[in-house]
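*Asks:* What shape does this take:
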Amino acid sequence: MKTLYLDCGMGAAGDMLAGALLELIPDRDEFLERFNALGLPEVRVRAERSVKCGITGTHLSVAVGGREEESLDWDHAHGHEHGHSHEHAHSHEHEHGHEHAHGHEHAHSHSSLSGIEHIVRDHLSLPTAVQDHVMAVYGLIAQAESRVHGVPVSDIHFHEVGTLDAVADITLVCLLMDRLAPEQVVASPIHVGSGQVRCAHGILPVPAPAAAHILRDVPIYSGEIRGELCTPTGAALLKHFVTRFGPMPVMRVRAAGYGMGKKDFPAANCLRALLGESEEALQPVTELSCNVDDMTGEEIGFALERLLEGGALDAFTIPIGMKKSRPGTLIRVLCREADREALAALMFRHTTTLGVREVRVRRHVLERSVTALDTPCGPVRRKDAQGFGVSRRKYEYEDLAAIARARGISLREAAALLEQ
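*Replies:* Just a heads-up that it's a prediction; the model follows:
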């Protein structure tokens, strides 16, 4: 199983996670060029080589209007500057969240959650699934700020500079996760740091209240390192994408990436990402389902298409009997845990259901691969699967169908021809 393991022994921030994931792809410069061409106003991202405790990694510099956002931790005894860039929401009327030392003058304009969605969905050329991931992460941050400051989500506003910086970090991570497409994401327990952080209303404990709210039900720990190691953005990205938290599974590592923070600590200030194949045959997945009795066959078929395009591992229907003896349809979706909210939103959008049920399940799977064959009939892809003492192979339907159409034979005859 394609597995991404995130080592959060020095916490997590959006730029650190993006830097680590960027190191896992081969065409990093081209990827950043395409990202910078998306059209985020006045935003420019560049990868910088960084060395921490002798380890070389990537620090992603996000500049807004030519300046990179800075923030400060508060430690009366040590005066640590914070090594992770981060932002906190604040309303237009009240300055909720952290003070930032931008080092330059700027207009104090703000963006609401709906304003962020306008930027992401209407101004950035992103796949729909990536847009959904970005907004789901922002939703976690906005809900946390709403809870902490006691205001509705609709009243939460983000500072313009911090917003663009965060949109860049979050969008980078979502694009890279889409590019890497891991079947599961496992993360270590998160080191959140210790000490205090200065905000507009005074000095607060680490982790900051918004991060603490996001990290509910997630294993976290403190330590002797003074500073805010896990930012709200980092917490939200982990909460959204991580399948489970725990030790690294047995896996064959294919690539390793190091995303660096700015500050120097006694330990290497980095987040490490390991990409490889795990030997776990039992995969955790989420099962979403709903019942409908007022949709046409065409509408149901279209909904299944959209769900599969949106990242569902499988989507299918079962005929059922509903109340008042009405015939109905059970729509069931299997998906990765990280995709469940986006797919639940698609179910509400494309079906008439008023509720979606969610169940966490695990599935046994065979190890799968695709082999490209050069045959007298042309190139053909063969899907191979093995495990649990069995081995199977099957030709790709589209390739097999193309041969059958060209020669005027059946699919079975086309397969037999290839076997010869």
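
*Asks:* Any chance you could list what contacts the strand or helix carrying Lys383?
*Replies:* Counting by DSSP states H and E, the element that carries Lys383 is strand 378-387. For strand 378-387, contacts defined as Cβ atoms under 8 Å, 6 or more residues apart in numbering pick out 281, 365-373, 391-396, 399-400, 402-403, 418. For glycine as for every other residue, the C-beta is placed from the backbone atoms N, C-alpha and C.

*Asks:* In helices, which of those residues appear?
*Replies:* The helices, defined by DSSP state H, take in 399-400, 402-403, 418 from the contacts of strand 378-387.

*Asks:* Which helix or strand in this protein has the lowest average pLDDT?
*Replies:* strand 73-74 (a mean of 40; mean pLDDT, DSSP states H and E).

*Asks:* returning to what we had before: tell me which of the contacts of strand 378-387 fall in strands.
*Replies:* Those of the contacts of strand 378-387 mapping onto strands are 367-373, 391-395, per DSSP state E.

*Asks:* got the buried residues for stretch 187-198?
*Replies:* 187-188, 190-198 (16 or more other Cβ atoms under 10 Å).

*Asks:* now do stretch 32-46
*Replies:* 32, 35, 40, 43-45.

*Asks:* would you put the C-alpha positions of that stretch in CSV?
*Replies:* C-alpha atoms of stretch 32-46 as CSV (Å, rounded to 0.1, in the frame of the first residue of the first chain):
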residue,chain,number,x,y,z
LEU,A,32,6.7,25.7,-8.1
GLU,A,33,6.6,27.5,-11.5
ARG,A,34,3.1,26.2,-12.2
PHE,A,35,2.1,27.1,-8.6
ASN,A,36,3.3,30.7,-8.9
ALA,A,37,1.4,31.0,-12.2
LEU,A,38,-1.9,30.1,-10.5
GLY,A,39,-2.6,33.8,-9.8
LEU,A,40,-2.5,34.4,-6.1
PRO,A,41,-2.2,38.2,-5.9
GLU,A,42,1.3,39.4,-5.0
VAL,A,43,2.3,35.9,-3.8
ARG,A,44,5.6,34.3,-4.8
VAL,A,45,6.8,31.0,-3.4
ARG,A,46,10.4,29.8,-3.7
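
*Asks:* hmm, who's touching it?
*Replies:* 22, 47, 60-66, 119, 123-126, 164-165, 167-168, 171-172, 175.

*Asks:* follow-up on the earlier one: only whichever of the contacts of strand 378-387 are buried, select them in PyMOL.
*Replies:* Filtering those down to the buried ones (16+ other Cβ under 10 Å) takes a single PyMOL command:
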select buried, resi 365+395+399+400+403+418
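
*Asks:* pLDDT score assigned to Tyr5?
*Replies:* Here, the pLDDT recorded for Tyr5 equals 96.

*Asks:* In the helix or strand containing it, which residues are buried?
*Replies:* Using DSSP H and E, Tyr5 sits within strand 2-7. Across strand 2-7, burial judged by 16+ other Cβ under 10 Å covers 3-7.

*Asks:* Out of those, the closest to Thr353 would be?
*Replies:* Thr353 lies nearest to Leu4 out of the buried residues of strand 2-7, by Cβ to Cβ, at 32.0 Å.

*Asks:* Excluding chain neighbours, give the residue nearest to that closest one in space.
*Replies:* Pro182 (3.9 Å; Cβ to Cβ, 6 or more residues apart in numbering).

*Asks:* Need the residue closest to the centroid of the chain.
*Replies:* Nearest to the centroid of the C-alpha atoms of the chain, with distances taken as Cα atoms, centre = their mean, sits Phe241, at 4.2 Å.

*Asks:* how much space between it and Pro182?
*Replies:* 9 Å (Cβ to Cβ, to the nearest Å).

*Asks:* Can you give me the buried ones in whichever strand or helix holds Ala144?
*Replies:* According to DSSP H and E, Ala144 maps onto helix 128-149. Across helix 128-149, burial judged by 16+ other Cβ under 10 Å covers 129-146, 148-149.

*Asks:* pLDDT on it, on average?
*Replies:* 87.

*Asks:* Extract the CA atoms of it and return them as PDB.
*Replies:* Taking C-alpha atoms only, helix 128-149 is exported to PDB below (Å, rounded to 0.1, in the frame of the first residue of the first chain):
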ATOM      1  CA  THR A 128     -12.200  20.400  -7.800                       C
ATOM      2  CA  ALA A 129     -10.900  17.800  -5.400                       C
ATOM      3  CA  VAL A 130      -8.000  20.100  -4.400                       C
ATOM      4  CA  GLN A 131     -10.400  23.100  -4.000                       C
ATOM      5  CA  ASP A 132     -12.500  20.900  -1.700                       C
ATOM      6  CA  HIS A 133      -9.500  19.900   0.400                       C
ATOM      7  CA  VAL A 134      -8.300  23.500   0.700                       C
ATOM      8  CA  MET A 135     -11.700  24.700   1.900                       C
ATOM      9  CA  ALA A 136     -12.100  21.700   4.300                       C
ATOM     10  CA  VAL A 137      -8.800  22.700   6.000                       C
ATOM     11  CA  TYR A 138      -9.800  26.400   6.200                       C
ATOM     12  CA  GLY A 139     -13.100  25.200   7.700                       C
ATOM     13  CA  LEU A 140     -11.300  23.500  10.500                       C
ATOM     14  CA  ILE A 141      -9.300  26.700  11.200                       C
ATOM     15  CA  ALA A 142     -12.400  28.900  11.100                       C
ATOM     16  CA  GLN A 143     -14.400  26.600  13.400                       C
ATOM     17  CA  ALA A 144     -11.600  26.600  15.900                       C
ATOM     18  CA  GLU A 145     -11.300  30.300  15.900                       C
ATOM     19  CA  SER A 146     -15.100  30.600  16.200                       C
ATOM     20  CA  ARG A 147     -15.100  28.300  19.200                       C
ATOM     21  CA  VAL A 148     -12.100  30.000  20.900                       C
ATOM     22  CA  HIS A 149     -13.300  33.600  20.400                       C
END
